[in-house]
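> Need coordinates for the following:
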Amino acid sequence: MLSEMRIGELAAQSGVSTKTIRFYEESGVLPAPARAENGYRTYTSESIERLRFIRDAQSAGLRLEEITTILELRDQGESTCHHTIALLEAHLEDVDRQISELERTRSRLVEMTSQAGSLDPAHCTDPNRCQAISMS
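All right, here's what the predicted structure looks like:
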């Protein structure tokens, strides 16, 4: 039999706050726990592993909705590998797109900063616009 623990112990062992655990329960990503006679939530070691998985998946950039789909497949006894790989690949593409956008932004900022260094503030005649920003 799996040993039972209360929410504070689960939080300590999983590295997830009690508030987050309650949120996960409300959102359905963590199944509602059993209740002891006194009404306290009781969890098993399976909850620790599930919370660690959720935490690790989030650190990889997966959204809670995506994590839920993985866990639902797993709970149904289905393989999650292909689904998870597809999610990770989509996130990788998104990160690559963001990196490209950031590189373009950085290049523009370097160019503007370089040009701004040669501007004379005395020539700034528009009170609503900085000439360093309005350069083309």
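> How many residues are close by the nearest residue to S14 once chain neighbours are set aside?
Counting by CB to CB, 6 or more residues apart in numbering, the nearest residue to S14 once its immediate chain neighbours are dropped is L51, at 3.9 Å. In short, each C-beta sits where N, CA and C put it, glycine included. By other CB atoms under 10 Å, 22 other residues sit near L51.
> How far off centre is the helix or strand hosting L51?
If you go by DSSP states H and E, L51 is part of helix 45-59. From the chain centre to the centre of helix 45-59 is a distance of 13 Å (CA atoms, centre = their mean, to the nearest Å).
> May I see the domains of the chain written out as residue ranges?
Domains of the chain are assigned by automatic domain parsing as 1-59, 63-106.
> which stretch in those domains has the least confidence?
Among those, domain 1-59 carries the lowest mean pLDDT, at a mean of 91.
> and that domain, how far out from the chain's middle?
19 Å.
> Just say helix, strand or coil for the spatially most distant residue from the centre of the chain.
Within the chain, A122 marks the point farthest from the mean C-alpha position, 46.7 Å out by CA atoms, centre = their mean. Secondary structure, DSSP: H, G, I helix; E, B strand; the rest coil: A122 is helix.
> Next one: it from A116, what distance?
Counting by CB to CB, to the nearest Å, the gap from A122 to A116 is 14 Å.
> do R52 as well
Between R52 and A116 the computed distance is 48 Å (CB to CB).
> Tell me, how many residues neighbour Y43?
Under the criterion other CB under 10 Å, the count of neighbours that Y43 has is 25.
> list the helices and strands the helix ranked longest in the chain packs on?
Secondary structure of the chain per DSSP state H: the longest helix is helix 81-116. Judged by 3 or more CB pairs under 8 Å, 6 or more residues apart in numbering; DSSP states H and E, the packing partners of helix 81-116 are helix 64-75.
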